[in-house]
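# output the structure for:
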Amino acid sequence: MSLRRFATVLPLTTAIIAVAGYWSPDAGRLGLWRFPAALLLLGLAYESWIVAHSGVACHFEPPERFLLGRGATVRFVLEHGLRRNLELQLAPSAPDSFEIRGGIARLRIPPGVAAAIERRVIPSRLGTHAWPSLRTQVAGPLHLAWWPKQLASGSPVRVLPDLFRGHTEVRAMAASGRKPVIEVGAGAEVLRLREYRADAGSARLMGS
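You can find the predicted model right below:
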């Protein structure tokens, strides 16, 4: 939890009232600091309860496939169960072997409506990867604090070699008369194949 700017006024007011009451000749003012302190604690308790029962959730929407070294767009769709607007900040994350572009996003989600953000990612390692939870901070309804919350973002994703092309791309290559030629792929993890061609030296040896 982190206090917002508005909430920092109450601790400051509490401290001023406590100091003033300590130096005041009127003993009745000595305990006045308890009122703003109690208001802050009650407000934080209320916000904590609201955020805990907000029903905020994230639905992770990856592309149909991830190809090694190729950029792809992922979507994070967020919704909640409150009858009021929900304000939150989120920092989209990706597995360690993915490069993700874009920083912290701030959303204001009306009740009964889903909001989505998109991020561009580039995988750099083959295999199956668990997508990490989404780190968020939910604003309390009294604007007192930001409340951290971890949202599960989805099932594992699989990164395939760049050899696995879509049907449209394969048909386009066939129509143009090209043959799939494999070169050194991203990260030197995939080697692309090509037809064997004998050089001049090999031809002379075979002829002899």
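
# so where's the protein shaky on pLDDT?
Applying pLDDT under 70 to the chain flags the ranges 6-7, 10-33, 164-208.

# could you pull out the strands for it?
Along the chain, counting by DSSP state E, strands occupy 2-3, 57-61, 66-67, 72-79, 86-91, 98-101, 105-109, 115-123, 127-129, 134-139, 145-151, 157-160.

# longest helix in the protein, please.
Scanning the chain for the helix with the most residues, using DSSP state H, yields helix 34-52.

# specify the angle between that one and strand 134-139 in degrees.
140 degrees (axes from the mean of the first three to the mean of the last three Cα atoms, to 10 degrees).

# return the set of buried residues in helix 34-52.
Buried residues in helix 34-52, counted by 16 or more other Cβ atoms under 10 Å: Pro36, Ala37, Leu40, Gly43, Leu44, Glu47, Ile50, Val51. Where you see a C-beta, it was placed from the backbone N, CA and C, and this is true even at glycine.

# pick the one among these closest to Leu163.
Minimum distance to Leu163 across the buried residues of helix 34-52 is 46.7 Å, recorded for Val51 (Cβ to Cβ).

# tell me if I'm right that that closest one and Pro148 touch.
No - counting by Cβ atoms under 8 Å, Val51 stays clear of Pro148, with 9.5 Å between them.
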